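> Here's my sequence, what's the structure:
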Amino acid sequence: ACKTADGRLVAGEGIQSMAHAFMAGGTPAVVAASWNVNDATAPLLMQQFYEQLPAQHNAAAALQQAKLNWLNNPQVSDMHKLPYYWAALTLQGNTEAVLPEQPSHRWYWWLLLLFIPAVIFLKRYKSA
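Predicted structure coming up:
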């Protein structure tokens, strides 16, 4: 959204902005805009960012690569390569990419914990 990194300067806190509020609420990182973003270019840059994220494993590098791809794309006009169109988006917070969780094998342990009492019960039932 527009101006999500813009806000008022508070002594001892820094800039209070929408991005600051998300990070104070526990969000590890935010891509925020310092000024009004262009409605045509911002979604394309964000799409590039999310495409780069799995390959880069670093959110700051993914955003940088998305911007470089934008600047090196021959289909983008010279006017849309001006910093106004791409430089507003900045990453704030943890640069580690959020990767999908690996499947947990904890359910095997729960299954084993349920299976052992069932075996003991069946052995006692057969012997009785």
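> residues near Lys81, how many?
Neighbours of Lys81 under the rule other Cβ atoms under 10 Å: 15. Every residue, glycine included, has its C-beta placed from N, CA and C.
> when you give positions from now on, start the count at 273
With 273 as the first residue, the last one maps to Lys353.
> if I pick it, what's in contact with it?
342-343 (Cβ atoms under 8 Å, 6 or more residues apart in numbering).
> let's see it at 7 Å
Contacts for Lys353 (Cβ atoms under 7 Å, 6 or more residues apart in numbering) come out as Leu343.
> gap between it and Pro300?
According to Cβ to Cβ, to the nearest Å, Lys353 and Pro300 sit 31 Å apart.
> What's the end-to-end length of stretch 278-295?
Length of stretch 278-295, first residue to last, Cα to Cα, to the nearest Å: 14 Å.
> to the chain's geometric centre, what's the distance from that stretch?
Taking Cα atoms, centre = their mean, to the nearest Å, one finds the center of stretch 278-295 at 20 Å from the center of the full chain.
> Tell me which residues of that stretch come out buried.
Buried residues in stretch 278-295, counted by 16 or more other Cβ atoms under 10 Å: 278-279, 289-292, 294-295.
> and what of stretch 351-359?
352, 357-358.
> List the buried residues for whatever helix or strand Trp342 lives in?
Assigned by DSSP states H and E, Trp342 belongs to helix 331-344. Of all the residues in helix 331-344, those buried under the rule 16+ other Cβ under 10 Å are 331-335, 337-339, 341-342.
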